[in-house]
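S.K.: next come a sequence and a model predicted from it.
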Amino acid sequence: MKQYIVKRFLQSLLAILGAATVVFFIIRLSGDPARLMLPPEASEDQVAALRESLGFNRPLLVQYFDYLKDMVTGNFGNSLYFKESALQLVLERMPATMDLAVSAIIIAVVVGMTAGVISAYKKNTFIDYLINIWIFITQSLPVFWVGIVFIMIFANQLHLFPTSGNNGLISLVLPALTLAAYPIAPIARTMRSSLMDVLQQSYMVTNKAQGFSKRRMVLKRGLKNALLPVVTVISLEFGVMIAGAVVTETIFSWPGVGQLIMQAVSNRDFPLVQASILIISILYILISFITDMIYLWIDPRIKVQ
């Protein structure tokens, strides 16, 4: 177990280094932040002076190694736009993003797994076909379109929920439903196919011959044995929710990291983008590690080696 944890820790460090490297070089392809921060009529001398004061006039590799050195100490510098610590800004926004992502994954898991179990239990019936059609439609809808439709119906027409902001639990409903709309489909599909595969195993056939009801076979024996691939999908979708909440947070003006990244990219705020991506990468890797631990709990036959 210790060797496994050390190995995963080293792999995680490499993954974080890779993410930090990619974002460092890609963000610099977006343009010169000094020109964006100054008015259009600014002279070349003013642009050069600002670039020098920000340290962007140094060779790119020098900036990169300085960035890695500062990253180890947790120093991401100050935001070019907000004039505050980049890391502190991200950490202040992270609770709002986590509230949104956790709420959305709970909705997606409950709805998706329920739909998958019912679909497998009612295989090749009208209910099964209806659920599959609903899953197909759900997966085909763009997130931004779903969010706009929810706002039009539940906020503008029915006046049940606010259209934007974070004013308590009621403000979380529409963004969470919007973010959960897409992951429901892969969770339900995986749950259905995995459970159907388990029900065809020899020990399940034996249970059926012994007189066990189908409901008991599904709930008592089949469900846990079918969870392994579903847990994989859930962990991946949860990581995607945290990293990809940009659109949802922008539509609903949700004060999370996603909205902060949009502002940082628009302003070419290099320190803020780098800090945001690194924190999200660490969370994604942590979710992956926790998923591996859940594997061992679900199926003790899985060995750490």
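M.R.: In hand now; what should we look at?
S.K.: specify the residue ranges that define each domain of this structure.
M.R.: 2-72, 87-298 (automatic domain parsing).
S.K.: how about residues contacting stretch 257-274?
M.R.: Contact with stretch 257-274 is made by 20, 23-24, 27-28, 30-33, 36-37, 67, 71, 76-82, 86, 89-90, 93-94, 96-97, 244-250, 253, 276-277, 279-280, as judged by Cβ atoms under 8 Å, 6 or more residues apart in numbering. Every residue, glycine included, has its C-beta placed from N, CA and C.
S.K.: give me the number of residues near residue 176?
M.R.: 25 (other Cβ atoms under 10 Å).
S.K.: with residue 231 instead?
M.R.: 17.
S.K.: now swap in residue 150 and tell me
M.R.: Neighbours of residue 150 (other Cβ under 10 Å): 21.
S.K.: about what we covered before: among the contacts of stretch 257-274, which ones are in strands?
M.R.: Assigned to strands by DSSP state E, none of these qualify.
S.K.: do you know the pLDDT at residue 208?
M.R.: For residue 208, the pLDDT comes out at 64.
S.K.: do a quick rundown of the helices in the stretch 51-200 of the chain.
M.R.: Taking DSSP state H, counting those that start in this stretch, the helices of the stretch 51-200 of the chain run over residues 60-72, 86-121, 126-140, 143-150, 169-181, 184-199.
S.K.: now the longest one, how far from the centre of its chain.
M.R.: When C-alpha coordinates are averaged (Cα atoms, centre = their mean, to the nearest Å), helix 86-121 and its chain have centres 8 Å apart.
S.K.: what residues sit buried inside the helix or strand residue 7 falls within?
M.R.: Assessed by DSSP states H and E, residue 7 sits inside helix 2-27. Buried residues in helix 2-27, counted by 16 or more other Cβ atoms under 10 Å: 12, 16, 19, 20, 23, 24, 27.
S.K.: surely the second one meets residue 280?
M.R.: No. Counting by Cβ atoms under 8 Å, no contact exists between residue 16 and residue 280, whose distance comes to 10.7 Å.
S.K.: tell me where the chain is predicted with low confidence.
M.R.: 1, 202-222, 244, 295-305 (pLDDT under 70).
S.K.: if we ignore the residues flanking it in sequence, what's nearest residue 229?
M.R.: residue 194 (4.9 Å; Cβ to Cβ, 6 or more residues apart in numbering).
S.K.: for residue 251, give its distance to residue 31.
M.R.: Going from residue 251 to residue 31 by Cβ to Cβ, to the nearest Å gives 26 Å.
S.K.: which of the two has more residues huddled nearby?
M.R.: residue 251 (22 against 10).
S.K.: circling back: now render the buried residues of helix 2-27 as a markdown table, adding distance to residue 122.
M.R.: Below are the buried residues of helix 2-27 laid out as a markdown table (distance: Cβ to Cβ, whole Å):
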| residue | distance to residue 122 |
| --- | --- |
| 12 | 42 |
| 16 | 45 |
| 19 | 43 |
| 20 | 48 |
| 23 | 46 |
| 24 | 51 |
| 27 | 50 |
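S.K.: which one of these sits closest to residue 120?
M.R.: residue 12 (35.2 Å; Cβ to Cβ).
S.K.: and the residue nearest to the closest one when sequence neighbours are not counted, what helix or strand is that in?
M.R.: Take residue 12 and drop its neighbours on the chain: the residue closest to it by Cβ to Cβ, 6+ apart is residue 285, 4.7 Å away. Residue 285 belongs to helix 270-298 when assigned by DSSP H and E.
S.K.: for residue 189, list the residues it contacts.
M.R.: So residue 189 contacts 116, 135 (Cβ under 8 Å, 6+ apart).
S.K.: if we can go back for a sec, out of the domains of the chain, indicate the one that is most buried.
M.R.: domain 87-298 (a mean of 18; mean count of other Cβ atoms under 10 Å).
S.K.: what about that one, distance to the chain center?
M.R.: 9 Å.
S.K.: what helices or strands is the helix or strand where residue 50 lies leaning on?
M.R.: Element membership for residue 50 (DSSP H and E) is helix 44-54. When contacts are defined as 3 or more Cβ pairs under 8 Å, 6 or more residues apart in numbering; DSSP states H and E, helix 44-54 sits against helix 33-37.
S.K.: what separates the helix it packs on from the chain centre, distance-wise?
M.R.: 30 Å.
S.K.: do the same with stretch 18-27
M.R.: Counting by Cα atoms, centre = their mean, stretch 18-27 comes out at 19 Å from the chain centroid.
S.K.: what lies in contact with that stretch?
M.R.: Contacts of stretch 18-27 (Cβ under 8 Å, 6+ apart): 60, 64, 67-68, 71, 265, 268, 270, 273-274, 277-278, 281.
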